[in-house]
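Student: Need coordinates for the below:
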Amino acid sequence: MKKHLLITPAQVPPFRDDLKVIGAFNPGATIVNGRLVLIVRVAVTTTEERPGHFAWLRFLEGHLEIEWLRCDLFDCDDTRVMRRLSDGRVFLSSVSYFQLMWVDNYCDRPEEWRLELGDTILPSSAYETYGIEDARCQWIDGCCFVTYTSVSAHGACTSLITTNDFCTFEHHGVIFVCENKDVVLFPDRVDGKILALHRPVSATKFCSPEIWLASSIDGLAWGNHQFLLSGSSVFESDRIGASTPPVRFDDRYLVLYHASEQAQRPSSVGRYVAGLITMNIVDYGVHLLQKSTGPFLIPTESWELAGFVANVVFPTAMLQSQLPKDDSWLVFYGAADCNVGVVTISSMELRKGL
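Tutor: Okay, here's the model as predicted:
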């Protein structure tokens, strides 16, 4: 297993001069006409600072608006969110959008890749006012389905974009309502249906964190929701969700999932790691085969241990290496909610991780 720091905030210019990039992370990734494309989540805040205030950024009808709010009216212990003392309402300290980045020499080693900036995708709908986050890519019937998290005052939900060339995009809006995120799609239809893993989040803690299944004819209307698995270990006691879209591996489907443990203090975030699950299709249904008993991918590098949110690895894509005679996989991930990392993992390491 070999890790490489691929993208830092300094490599990504903000879409406006009065903004600064505080994170470039959690990239969707796929191959388009022999080129690697990354859909990088870019988090920005203002370059201006006002003592005793923080900037509240929102996209309204596709335009970024900035309002300054008094810090003494908020609980500001969590670096990601500000919680208003009067009613507990949450305000984000940054806003996210997507930056496409292309790699033409994808068949070389990651250390040799040359990155080229592509298009910028900004939030545009009423359900994206606080930003768009964490894209995942899956090709189905010759079309790339890009699922991503939309955030607004309504909460976090999942939306969909489709494209054939990553030059033109069709926006389909919300496909899983709040609170639901980490939606990844299977590459193959089953009984004519598209299958998805998703992560419903209940405000009432009836159970440990869970991953569910759903199916759809067109990728827009979803049904047949079923429970698949839950977090049962300490390392997945706080959150669990699908990370990488399923890939075919040893006559089954393999997924890296993210998990976090309980934080040591209020308003903080527990360590984020990744585990492995494998599934197969029996009688038109998804069946869980194996789930790793411990973390498979953990924060170890300085750029994973420190950042906007410390101690985080968050995989979002998994592709086969194109190096000659190389039986390995490239896993793209967000590191410390700040950077993009890519780790090369052999097929043998994946088998040992289960």
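Student: Identify the residues contacting the nearest residue to Met348 once chain neighbours are set aside.
Tutor: In space, and not counting its chain neighbours, Met348 is closest to Asp327: 7.8 Å by CB to CB, 6 or more residues apart in numbering. Bear in mind the C-beta positions are built from the backbone N, C-alpha and C, glycine included. With contacts defined as CB atoms under 8 Å, 6 or more residues apart in numbering, Asp327 is in contact with 321, 346-348.
Student: And for Asp141?
Tutor: By CB under 8 Å, 6+ apart, Asp141 lies in contact with Arg189.
Student: mind redoing it with 10 Å?
Tutor: Asp141 sits next to 189, 194, 219 when contact means CB atoms under 10 Å, 6 or more residues apart in numbering.
Student: Pro51 too?
Tutor: Pro51 is in contact with Cys71, counting by CB under 10 Å, 6+ apart.
Student: quick one: it from Val81, how far?
Tutor: Separation of Pro51 from Val81 (CB to CB, to the nearest Å): 21 Å.
Student: same check, this time on Asp141
Tutor: Applying CB to CB, the value for Asp141 to Val81 is 39 Å.
Student: number of nearby residues for the nearest residue to Thr244 once chain neighbours are set aside?
Tutor: Of all residues not flanking Thr244 in the chain, Met318 sits nearest, at 4.1 Å (CB to CB, 6+ apart). Other residues near Met318 number 23, with proximity taken as other CB atoms under 10 Å.
Student: which SSE is Met318 in?
Tutor: Under the criterion of DSSP states H and E, Met318 resides in strand 313-320.
Student: and what of Arg58?
Tutor: Per DSSP H and E, Arg58 falls inside strand 53-60.
Student: And the next helix or strand past that strand?
Tutor: Going down the chain from strand 53-60, the next helix or strand is strand 63-70, by DSSP H and E.
Student: which element follows that following strand toward the C-terminus?
Tutor: Strand 63-70 is succeeded, C-terminally, by strand 74-75 (DSSP H and E).
Student: And the next helix or strand past that next one?
Tutor: Beyond strand 74-75 on the C-terminal side, the first helix or strand identified by DSSP H and E is strand 81-84.
Student: mean confidence for that following strand?
Tutor: Mean per-residue pLDDT for strand 81-84: 90.
Student: name the helices or strands packed onto that strand?
Tutor: strand 74-75, strand 90-92 (3 or more CB pairs under 10 Å, 6 or more residues apart in numbering; DSSP states H and E).
Student: Partner strands of that strand, with direction?
Tutor: With DSSP bridges as the test, strand 81-84 is paired with strand 74-75 (antiparallel), strand 90-92 (antiparallel).
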